[in-house]
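>>> A structural model of the following input is requested.
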Amino acid sequence: RCVSTASSFDFTRFPTGIVPRRRRIEGQGPSTATPALRIRPTVLAKGASGHLLRVYDLIAKKRDGKALSAEEVRFLVEGYSAGAIPDYQMAAFLMAVYLRGMTDEETTAMALAMADSGERLALGGPGEVFVDKHSTGGVGDKTTLVLVPLAAECGLRVAKMSGRGLGHAGGTIDKLESIPGLRTDLSIGEMLGQVREVGAAIVGQSADLTPADKKIYALRDVTATVESVPLIAASVMSKKIALGAGAFVLDVKAGRAAYMKTEADAVRLAEAMAAIARLAGRRAIAWVTAMDQPLGQAVGNAIEVREAVLTLKGLGPPDLVDLVVALGAEMLRLGGIESDAEKAKERVRSVLASGRALGRFKALVEAQGGDPDYLDRVASGGEAPDGYAAVPVPAPKGGWVTGIDGGVVGRAAMALGAGRERPGQAIDHGVGVYLYKKTGDRVQAGEPVALAIAPDRARGEEAVARIASAYEIGASPVPRPPLLLARIDSG
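Below is the predicted model:
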């Protein structure tokens, strides 16, 4: 069910604009109009209490570190979305937020206003809780491809909207589209119908949801205000709320290959998103997880689908399995399938080991026009897809892998063609990097630590040095790094 929302303010009553500034030129008599302009800090609307809301005043208020009311925040979001507030004023407000921050109440007001700017879905029937999952993005993160069919096989219904990759971080939609014939551009009606029939759907983000967020993000992208915890939190949660889920499981990455480089920053973001969920009347569990080295062994698109299929067969790499179990157990608890944490984990592990969730993934692929038999073919093949060259990356010396810079690996995969530097850029679904060795593993000099998977051998050889530079090899053994760093409950 879709719910359309209307603006709370009448922006047509107070048009914006610039007017000529008349100035007197000394010694020349009366003032005359000149090309110099004065920007008019126009009053745009009245608040519910009757007081006038003026953009200039709200920018100044935030500049001075004061908190805005929910009505004032909504006025800014709706005014900018409607075109009544110009870019230069919204940019000033966003920079003030970047420098001064926002309270939990302000951030929630912004998330709700952006959610209300487009269609809002109402998922589920009486007593049913739809649980959504979100990752802040990283290298080798194919968790959604495993978790969505797994959660559906455990009894949840899952409607997941995902995005494309940009930069060194991959996107779930790009990975899915490496499956021949598969569609991700389902309408909202098609998505909901598939969820009723199959129990799960993974689709691209709808233009009908949160248009204000898209417009504000485009402005943030060119005004150096992307890296703001409250603005990130409001953006993420506006889409989650608009999709209509009642609870959220959030995977907030921290490390060299993540947007949040430190655990402390990732905890701040997780706490901000959990607070929005709580104040918006929903529930959220956030895990801060390590993203210094890539997750799993495959970094790319088709090769990550292969690894996801192997994981659904019960043959996945340990770190990916551990993350899927942790997040899956939280989904089952929030969705009312299990109440005990250990029983939830046991159920997820049992279903994963049985391979039954692979059947659910095949049903999802077929429902979206893809070839389900492709999943069996890709799982039975080698690391590189047919027709691609696999070039070994030798260890420069013997010892133990003490670290892997996941950002370097991600950029190497992007240079091969697995990612894009700008929106809309074409990618090569078959290329990527496959890691034989991870942190804590012992290596011999000259032993392959990874593969560069490229359209031809020459392209692969060009990537070898860059991939090798991501590996840090020491003389002494080191423990495998922890994956699950912190858990935040919205309460």
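>>> most centrally placed residue in the protein?
Nearest residue to the geometric centre of the chain (Cα atoms, centre = their mean): Thr136, 4.2 Å.
>>> got a list of what that one touches?
For Thr136, the contacting residues are 236, 250-253, 258-260, 266, 269, by Cβ atoms under 8 Å, 6 or more residues apart in numbering. To be clear about C-beta, it is placed using only N, CA and C from the backbone, and glycine gets the same treatment.
>>> what do you get for Gln444?
Gln444 neighbours (Cβ under 8 Å, 6+ apart): 395, 398.
>>> now do it against Ile473, distance only.
With distances taken as Cβ to Cβ, to the nearest Å, Gln444 is found 11 Å from Ile473.
>>> report the set of residues contacting both of those two.
395, 398.
>>> quick check: the gap between the residue nearest to the centre of the chain and Ser235.
Distance from Thr136 to Ser235, by Cβ to Cβ: 11 Å.
>>> what do you get for Ile467?
Using Cβ to Cβ, Ile467 is found at 32 Å from Ser235.
>>> ditto for Arg356
36 Å.
>>> more crowded one of these two?
Neighbour totals were compared for Arg356 and Ser235, and Ser235 leads with 20 against 16 (other Cβ atoms under 10 Å).
>>> Ile453 should be in a helix, yeah?
No - assessed with DSSP: H, G, I helix; E, B strand; the rest coil, Ile453 is strand; it does not lie in a helix.
>>> what sits against it?
Applying Cβ under 8 Å, 6+ apart to Ile453 gives the contacts 300, 303, 383-385, 388-391, 416, 430-434, 460.
>>> which residues does it bridge with?
Taking DSSP bridges as the rule, Ile453 bridges to Ala390, Gly432.
>>> check what pLDDT it gets.
Here the pLDDT value assigned to Ile453 is 98.
>>> Ala91 too?
Per-residue confidence (pLDDT) for Ala91: 97.
>>> which elements pack onto the helix or strand encompassing Val351?
Using DSSP states H and E, Val351 falls within helix 341-354. Packing partners of helix 341-354 (3 or more Cβ pairs under 8 Å, 6 or more residues apart in numbering; DSSP states H and E): helix 143-153, helix 318-334.
>>> please identify the most buried of those.
Ranked by mean neighbour count, those are led by helix 143-153 with a mean of 26 (mean count of other Cβ atoms under 10 Å).
>>> next SSE downstream of it?
Heading C-terminal from helix 143-153 (DSSP H and E), you reach strand 158-162.
>>> please save the CA atoms from that following strand in CSV.
What follows is strand 158-162, C-alpha atoms only, in CSV (Å, rounded to 0.1, in the frame of the first residue of the first chain):
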residue,chain,number,x,y,z
VAL,A,158,11.8,-9.3,2.9
ALA,A,159,11.4,-6.4,0.5
LYS,A,160,14.9,-4.9,-0.1
MET,A,161,15.8,-1.9,-2.1
SER,A,162,19.5,-1.6,-2.8
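>>> quick one: strands adjacent to that strand?
The strands beside strand 158-162 in its sheet (DSSP bridges) come out as strand 200-204 (parallel).
>>> for the next helix or strand after the strand it pairs with, buried residues please.
From strand 200-204 onward toward the C-terminus, using DSSP H and E, the following helix or strand is helix 211-221. Going by neighbour count (16 or more other Cβ atoms under 10 Å), the buried part of helix 211-221 is 212-217, 219-220.
>>> tell me which two in those are the farthest apart.
The most widely separated members of the buried residues of helix 211-221 are Ala212 and Arg220, with 12.3 Å between them, by Cβ to Cβ.
>>> poorly predicted segments of the chain, please.
1-50, 125, 166-167 (pLDDT under 70).
>>> which parts of the stretch 301-450 of the chain are helices?
302-312, 318-334, 341-354, 356-367, 373-380, 406-416 (DSSP state H, counting those that start in this stretch).
>>> and the third one, which residues are buried?
The neighbour-count check on helix 341-354 (16+ other Cβ under 10 Å) flags 344-345, 347-349, 351-352 as buried.
>>> Leu76 contacts Asp57, doesn't it?
No - Leu76 is beyond contact range of Asp57, at 11.1 Å (criterion: Cβ atoms under 8 Å).
>>> more neighbours, those two?
Using other Cβ under 10 Å as the criterion, Leu76 and Asp57 rank with Leu76 on top: 26 against 13.
>>> now do the residue lying closest to Arg356 once chain neighbours are set aside against Leu182, distance only.
Residue nearest to Arg356 in three dimensions, not counting chain neighbours: Glu153, with 5.4 Å by Cβ to Cβ, 6 or more residues apart in numbering. Separation of Glu153 from Leu182 (Cβ to Cβ): 19 Å.
>>> and what of Gly281?
In this structure, Gly281 and Leu182 are 35 Å apart, going by Cβ to Cβ.
>>> give me the more crowded residue out of the two.
Leu182 (21 against 8).
>>> quick one: the helix holding Val351 to chain centroid distance?
The chain centre lies 26 Å from the centre of helix 341-354; the measure is Cα atoms, centre = their mean, to the nearest Å.
>>> touching it from outside, list them.
Under Cβ under 8 Å, 6+ apart, the answer for helix 341-354 is 146, 150, 153-154, 311-312, 314, 316, 321, 324-326, 328-330, 332-333, 337-338, 357.
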